[in-house]
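*Asks:* pasting the sequence and the predicted coordinates here, then a few questions.
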Amino acid sequence: MQNSTNVDSKYLEFIDFNKLFNWSVAHNTRNTFSYNDKYAFSKIGDVIKRNRKKAVIKDEIEYQRVTIKLYGKGVTERDRVLGKSIGTKNQFEVQPNQFIISKIDARNGAFGIVPNELSGAITTQDFLSYNIDKNLILIDYLNFLSHTSQFLEICQTASSGTTGRKRIDEKFFLDLEIPLPTIKEQEVLVKSYQKQLNEAENLEQASYSLEEQIDIFILEQLGIKLRVVKKRQSGKLYFAEFNELFNWVHSADEATFFEDLQDAKYPVTEIGLAFDFISRPWKKKEESKEYIELGGIDPNFGVMKTKTVYAKKAPSRATQTVKTGDLIIGTTRPYLKKFAIIQDKNNGDVASSGFSTIQENKEKYNLYFLNEVLKSPIGIKQFEIKMTGALYPAITQADLLELKIPLPSIDIQNNIADNIQQMKDSQKDKFQQAQQLKKQALLDFENAIFKPAE
């Protein structure tokens, strides 16, 4: 028998017997959360109790189903369906202010508080819902706690199984401890966190209001006053001049819009006559390219993400190349404003055929000006008029060329674009400040209940 004194103790890890949750070496050696000794601890299972309210699905009743977003982004409605479309007839009914967690995706942050709008919604057994003991823990405290990196680590520690199929071990999860200040201490922590969140939300709202200010600025600069027209009653006869008909779905709203557009202080021009549309076919000589899809566009910040595609396996819609300075216009659901000016980082990338492209010509026009006008009520209203299709409403290239905008001189275009850019810089600053404040609020909350990282 080998003498125990020969064993190198630096390879041993010791755990107090009263801290053993089970006989799993992996579970116990990973349970190394840095708690702040300032507060008492409690097992999770002491403050939340399993909701076992069953729902027996009936074919003729419509049910609201639940989904939980990853990374702590909330609990929302999945869909509404008739019971006859639901295969599993024995489910569970959830109520507002319950804590809910996904067995499969808990390790990826799929947990949160059930909102009011999901009262009576149903879940399968793959979701665990719990009633919260409000005498021991505040709902807001648990909600904020669940957004911390340490709580995510708790869920990861309590999940086991093969890669990609790890499920949370409920008993182990409920046996893990969390910091549990007194209710009064929780109130202080929540109030401090909420104050910072409110400041962040105010900054975000100020950022969003700038979008409306930009729209107002554009209309004022172009001398347009858009009137609000009440919808005509159906079943009545109205007359319209033939030269006012832009399509066969004539309405007073459309007619008034185009009347207001004609009153602009600059000549109204079809963009197909004033701007240089172009299509540069991708010749697929390169082995791979970065691909720009509609989903990669942010209306405020342009191209935010691309994906690498290979010539032989590229999507059928990867058809055209773009260059620095191009304006790309998403023609499917154009009201989503998936438009962007191509920057140097995306020069030579491949773009989806779902974009129409206008090439840069600084001597002739300003594409930043055009981009903002198309995203304003001037452009969006015309998109709504000209779109066709039910599931994926889109505007054709021919209709896009016929969009009308007031077109001032290049100097005035440049001046308007510069002013808007200053407003957008302010918008971006406020948005970034809001995001930073949210991060700081969570960090302050974490540092208050957990030991700050060394």
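*Replies:* Everything's here; your move.
*Asks:* residue ranges with poor pLDDT in the stretch 251-400 of the chain?
*Replies:* Applying pLDDT under 70 to the stretch 251-400 of the chain flags residues 251-252.
*Asks:* please redo it, this time with the cut-off set to 80
*Replies:* Residues of the stretch 251-400 of the chain that meet the criterion pLDDT under 80 lie in 251-253, 285-287, 390-391.
*Asks:* list the contacts for the residue most central in space within the chain?
*Replies:* Among the residues of the chain, K73 comes closest to the average C-alpha position under CA atoms, centre = their mean, at 9.3 Å. Applying CB atoms under 8 Å, 6 or more residues apart in numbering to K73 gives the contacts G109, G112. Every residue, glycine included, has its C-beta placed from N, CA and C.
*Asks:* is it in a helix, a strand, or coil?
*Replies:* Under DSSP: H, G, I helix; E, B strand; the rest coil, K73 falls in the coil class.
*Asks:* need the pLDDT of it.
*Replies:* Listed pLDDT for K73 reads 87.
*Asks:* over to the one 4 residues further on?
*Replies:* The predicted local confidence for E77 comes out at a pLDDT of 93.
*Asks:* pretty sure it sits against A121.
*Replies:* Yes. E77 lies in contact with A121 (CB atoms under 8 Å); the separation is 7.1 Å.
*Asks:* which residues do these two both contact?
*Replies:* Q64, R65, V66.
*Asks:* now the residues you listed as TSV including neighbour count and secondary structure?
*Replies:* As requested, these are arranged in TSV below (neighbours: other CB atoms under 10 Å; DSSP: H, G, I helix; E, B strand; the rest coil):
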residue	neighbour count	secondary structure
Q64	16	strand
R65	16	strand
V66	22	strand
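*Asks:* for these, give me a markdown table that also has distance to G354 and pLDDT.
*Replies:* What follows is the shared contacts of E77 and A121, written out as a markdown table (distance: CB to CB, whole Å; pLDDT from 0 to 100):
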| residue | distance to G354 | pLDDT |
| --- | --- | --- |
| Q64 | 33 | 95 |
| R65 | 31 | 95 |
| V66 | 32 | 94 |
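*Asks:* nearest residue to S146 other than its sequence neighbours?
*Replies:* F111 (5.8 Å; CB to CB, 6 or more residues apart in numbering).
*Asks:* residues touching the one you found, list them.
*Replies:* Here F111 is in contact with I68, G72, F99, I100, I101, S102, S146, C155 (CB under 8 Å, 6+ apart).
*Asks:* ditto for I101
*Replies:* Here I101 is in contact with I68, A110, F111, F127, L128, S129, Y130, C155, I168 (CB under 8 Å, 6+ apart).
*Asks:* out of these, which sit inside strands?
*Replies:* Per DSSP state E, strands hold the following members of the contacts of I101: I68, F111, F127, L128, S129, Y130, I168.
*Asks:* centre of the chain versus stretch 173-192, how much separation?
*Replies:* 29 Å (CA atoms, centre = their mean, to the nearest Å).
*Asks:* so, low pLDDT: which residues of the stretch 1-150 of the chain?
*Replies:* 1-37.
*Asks:* re earlier: out of the contacts of F111, who's nearest L367?
*Replies:* Distance to L367 across the contacts of F111 (CB to CB) is lowest for G72, with 39.0 Å.
*Asks:* I'd say the closest one and G112 touch.
*Replies:* Yes. Using CB under 8 Å, G72 is in contact with G112, at 6.6 Å.
*Asks:* for the two, indicate the residue with more neighbours.
*Replies:* G112 (22 against 18; other CB atoms under 10 Å).
*Asks:* ok, for that one, nearest residue in space, not its chain neighbours?
*Replies:* V75 (4.4 Å).
*Asks:* again, but for H147
*Replies:* Distance criterion CB to CB, 6+ apart; nearest residue to H147, sequence neighbours excluded, is G72 at 4.8 Å.
*Asks:* quick one: contacts for that neighbour?
*Replies:* G109, F111, G112, S146, H147, L152.
*Asks:* now Q397
*Replies:* By CB under 8 Å, 6+ apart, Q397 lies in contact with F277, T331, S356.
*Asks:* drop anything exposed from those residues.
*Replies:* T331, S356 (16 or more other CB atoms under 10 Å).
*Asks:* and the contacts of Q397 as TSV, adding distance to P393 and secondary structure?
*Replies:* Formatted as TSV, the contacts of Q397 follow (distance: CB to CB, whole Å; DSSP: H, G, I helix; E, B strand; the rest coil):
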residue	distance to P393	secondary structure
F277	21	strand
T331	10	coil
S356	15	strand
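*Asks:* let me know the closest of the contacts of Q397 to D140.
*Replies:* T331 (44.4 Å).
*Asks:* would you agree the closest one is in contact with L400?
*Replies:* Yes. Under the criterion of CB under 8 Å, T331 makes contact with L400 at 6.4 Å.
*Asks:* how about stretch 84-103: buried residues?
*Replies:* Buried-residue list, stretch 84-103, by 16+ other CB under 10 Å: I86, Q91, F92, E93, V94, N97, Q98, F99, I100, I101, S102, K103.
*Asks:* I meant stretch 377-394, not that one.
*Replies:* P377, I378, G379, I380, K381, Q382, F383, I385, K386, M387, P393, A394.
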